[in-house]
Structures are given as C-alpha cells and as structure tokens.
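Novice: Here is a sequence with its predicted model. Questions after.
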Amino acid sequence: MVYVGLQRFLHNRQREEIRASLANNYGISISSGEVSLLCRRFLDYLERLHNASSPALKAALAADGGWPLHIDATGEDGRGTLFVAFTGWRQWVLGAWKIPTERADAILPRLKETVFRFGSPCAIVRDLGRAMAEAAETLQKELKLKIPVLACHLHFLSDVGKDLMSEGHDRLRALFRQTKLRSRLRTLARELGRCLGRDIDRARAGLRDWQSRTGHEQPMPTGLAGVATVRALAQWVLDYPADTQGHGFPFDLSWLALYDRCLQALSALQVYLSEPSKDKGVRKALERLHRILQSVQEDTPGFSVVADRLQRRAELFAELRKALRIRQESNRGRRGNTHPADMDELKNIRRAVSRLTRSLRHRRPQRGPAADQRKAIDIVLSHLQNHGRFLWGHVIRLPKRAVGGIRLVDRTNNAIESQFHTLKHGERRRSGRKVLTQDFEKLPPAAVLTMNLRQSAYVSIVCGSLEQLPKAFARLDSKSRSGRKSPISRIARTNDPETASLSSADRKLVRAEEMTDKIIAAAQKGSRMRYVA
C-alpha cells in the first residue's frame, strides 16, 4: 500500500505504470482497480498519521519560536475547491479540506481546527478575497490573538493590475479578434510554407544567410530565401508571447505585445517595400503581409487609443511593481534569525511604497481632460488605502525561550501557490488531461499532505524515514485495536451547509432519469389542468 501510494503521489505514476513496476520488481500482480483502492487507503492512513503526530509537530513549531499561518484555496473551473493551511517557515501543510465554496463560514472552522492542533500562529498571511479576510479577522477576534493579519503582496499587486488594465486589455483583444489578424497571419504562413514545399530547407538556409549579413538595412532577398523571409516576418509577429515572462495577466500584457510587434513589423515592411524588388512573388507576399497588418496602423477599429491608454496604465502598474519588489523569497535558515539585509530591504520597500503614494497624490490631475489618468491613479490610491494596514507587520519577535531575536514572515503566498502548481502538474502528468475539473472534484484533500513527505524534518517527526512509513501505519492500527486513541482524533468533522449551486453530489440527483420523469409528468398534468380550465 505504501509503495503504491508513494509512486502515485510523490512520483505521479499512472496506474498501469505502477502495476508494471510491481510486477517487474516484486512479482506482484494486481488490478488497476486495486491500485486505486490502495491509493485512497494510503491517503486515509497518512491523514490519520498526520493527526496523531500533531502534538510532536506542534512541539517542533513551538521550538522554532512560532510559525506563520499561510492560507489559500485552489480549484479548477470553480469546482473542487481545496482549502489549505500552510506554515511558511517550515513549509509544512498543516491541514487540507474540501469546502463547498470559498466562504468565511466554511473557512473559519478549519482555521480553528488548525489552531487547536498546532497552537496559535505568530501571523496569518491571506489573499485579498473577502472570505479569507473575514475568516482570518474573525479567528483573531474570537480567540483574542494579538497577531498581525497580513495581505499577500503578490495578490495585492495582482488585484491592482487587474483593476487597472482588465478593461483595456480585454478591449484590445476584442479588436484583434474583430480584425481576425492572427488567423490571417497563420493562413499566410501556412500558404507560404506550402509554396516552399520540399525546398523549405534550402529556403531556410537562404534566410539564415540573410540574417547573418551585417547591417540592418539589407535588401529583401529574392527567390526561395525571399519567400522564407516574408514567412518568417509573419511568424515573428505571431510569436509575440516571447515578449512576455510567462507570469500571465496582469504581469504580462500579451495583446499589447502583439500590438507592438505589429507596429514594428509594419515599419520594417515600409522599408522593404520602398525598394523595388526584381522578384514579383516576394513583393506580392510582402504586400499581402502589409495589408494584413495595415488595419492596426490605419486604426480603423481604434487600436491606438486603446493601446496608448493601456500602455500608460501599464507604466503606472510598473511603478507599483518596482516599489513592492516582488521576488522569490527565502528565509535564511530554518531556525536562525533574520539576516539584517532582509530587514533593510523590508524597510526600503515600505519607504518606496510611501514615496509612490505621495507622488501619485501630487501627480493626480484635479480637473481637465486627463480623466483616464485621474481614474487610474485613484484605483491605485484606493487599493493602498483599503489594504495598506495589512501590507506591513512582517517583523516577528521570537521568544527568548526559543531562539530569540526577530524573524520575517514571507510577504507572499508563493510557497503555497508553488505547492498548488506542483499538485496540478502531477495530476496532469498522471491523467494526461489539461483541464482537471473532474480530477479535483474526486481528489481527496489528504493528497496535499503528501507534499510533506518531501520534507525531511516532517518525515523524521512522524515516522523517522519513508522506509519506516509502513510500520508507522501499522502502529496506528495497533493503537486502534487496543482502544488507545489520541484526544486530537476526537475533533468532530465539520458538516458544511451546501453553498455550491450545483455540486457533484447534487448533479447525480439532478441528472437522474427519475427526476426528469417527475418533472415531465407534473408538466403534463399542469397542461391538462389548463386545458380543462
């Protein structure tokens, strides 16, 4: 059971791969259904072991001088919502639960359970969602915790960026779809590729030769190399995602990158077309590419107005992003004090945000035609005013009974987001599906606890080593048979009210034939009654 569970959740092996491994290495033959059963049983045991080990885990966290609680939730297509409690310094998943929807009344009981098992955290880091904020503040008040509740800086930056640029970015996307520019470029590239046919390697060699020539004002080559060059120009415009960092909106503005490449390609085409070409085929292809891109330059649908406004807002967003200095964070050592450089950096970040706030208030136009600039600045200032008090308070003084000194809480939920990314990547590798809607609805929440098995300190506490995991599971059964149970195990599971509009359990009932038959029968009876009346 342990071997199957580790292969499934740590190595993301598919069922047939696990069956083949068992047969080849141990001569054990089981069905794929048995593999699924063992995987689920493994998670049940792992959750029991985690709960039974909570006193030892709690003692380890206390020895560190405390622990910051990071909370976040994930899902797929709005379904299978998975809520996770995570300790930032140790990088342990303390609890994972399925909740019907991201609501405060569903989150709060889980937070209380986490505090009951592992003690009070020294800080809480959450996103900017209303449910998370309400649940964290309610926990703080009800348990009278004198700890900071902090907003994730990355979520804060993302929310500001979306409010600033969503409208303009969506409008630019609509304009590109309206002109069908990308599809026309793809059609041109495919047709030119077919024209080159079997000579495409020779054409590419000619293109490489043209690229290697010194000087940027080289004339357009003729023949096959010329056709390949025009094709490469169209492909270069289509390759606009290369100008982004892969972080997604609002950190990457893909449609603005496409607009910029269109303008650059048009400027280059004007130079190539200004010089007479002896090859009519190449010139015809150039003119066709120019006609496709010309709609952006002619601004018939309104590209320039939308793009210029979006560019100005992007520059404002870049100012805030520079002030916050979001980067990959790392605490220097697991139990050591914070390095002085980290303290200085945090102070500098706070000063930079304060300077930007004062600058925006000074730059904000009071009246006149700069309405969009005024609105954009108001968006940033409003976010800073509403969430400013949750952006600071990361300095934690550790008790002298532990290590003493001070330590910083991570400014973001990047660590827990990374766990979500790893979990989803593994599920995609296992299932072969890009969209994990069904997988996340069926995935037990204890699957997130398997991430702890990559942490040597956690494994050492709960079972010693992964080789000792079967014995640790066996001891759980031994205690159950002897009637000795941990008081922690008596925590009642929360029975949530159903708040999802159509959960998987409801969907089975709604789609039952009997349900349809009942409705049709009642509808027919209603029709007869109206006819008689």
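Specialist: Nice, I can see it. Numbers count the residues shown, from 1 in each chain.

Novice: What is the neighbour count of the nearest residue to residue 452 once chain neighbours are set aside?
Specialist: Nearest residue to residue 452 in three dimensions, chain neighbours excluded: residue 458, at 4.5 Å (C-beta to C-beta, 6 or more residues apart in numbering). From N, CA and C alone the C-beta is placed, and that goes for glycine too. Neighbour count of residue 458, defined by other C-beta atoms under 10 Å: 21.

Novice: For residue 392, see how far away residue 458 is.
Specialist: Note on residue 458: its distance to residue 392, by C-beta to C-beta, to the nearest Å, is 31 Å.

Novice: Please apply the same query to residue 200.
Specialist: Distance from residue 200 to residue 392, by C-beta to C-beta: 59 Å.

Novice: just residue 156 next, same as before
Specialist: Taking C-beta to C-beta, one finds residue 156 at 12 Å from residue 392.

Novice: Which parts of the stretch 251-400 of the chain are helices?
Specialist: 254-274, 280-298, 303-324, 340-363, 371-387 (DSSP state H, counting those that start in this stretch).

Novice: Among these, which comes closest to residue 407?
Specialist: helix 340-363 (9.2 Å; C-beta to C-beta).

Novice: With just CA atoms, put that closest one into CSV.
Specialist: What follows is helix 340-363, C-alpha atoms only, in CSV (Å, rounded to 0.1, in the frame of the first residue of the first chain):
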residue,chain,number,x,y,z
PRO,A,340,20.0,42.3,8.6
ALA,A,341,19.9,42.7,4.8
ASP,A,342,16.3,41.3,4.8
MET,A,343,15.2,43.9,7.5
ASP,A,344,16.8,46.7,5.5
GLU,A,345,15.1,45.6,2.3
LEU,A,346,11.7,45.5,4.0
LYS,A,347,12.2,49.0,5.3
ASN,A,348,13.3,50.2,1.9
ILE,A,349,10.2,48.6,0.3
ARG,A,350,7.9,50.3,2.8
ARG,A,351,9.6,53.7,2.1
ALA,A,352,9.3,53.1,-1.6
VAL,A,353,5.6,52.5,-1.4
SER,A,354,5.1,55.6,0.8
ARG,A,355,7.1,57.7,-1.7
LEU,A,356,5.0,56.4,-4.6
THR,A,357,1.8,57.1,-2.6
ARG,A,358,2.8,60.8,-2.1
SER,A,359,3.9,61.1,-5.7
LEU,A,360,0.6,59.8,-7.0
ARG,A,361,-1.3,62.2,-4.9
HIS,A,362,0.8,65.1,-6.2
ARG,A,363,0.5,63.9,-9.8
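
Novice: Who are the packing partners of that helix?
Specialist: Judged by 3 or more C-beta pairs under 8 Å, 6 or more residues apart in numbering; DSSP states H and E, helix 340-363 is in contact with helix 303-324, helix 371-387, strand 406-408.

Novice: now the first one: mean pLDDT?
Specialist: Helix 303-324 shows an average pLDDT of 95 in the prediction.

Novice: Test my guess that residue 472 contacts residue 46.
Specialist: No: contact criterion C-beta atoms under 8 Å: residue 472 and residue 46 do not qualify, at 9.6 Å.

Novice: Looking at the two, which has the bigger crowd around it?
Specialist: Taking other C-beta under 10 Å, residue 472 and residue 46 do not tie; residue 46 has more neighbours (25 against 21).
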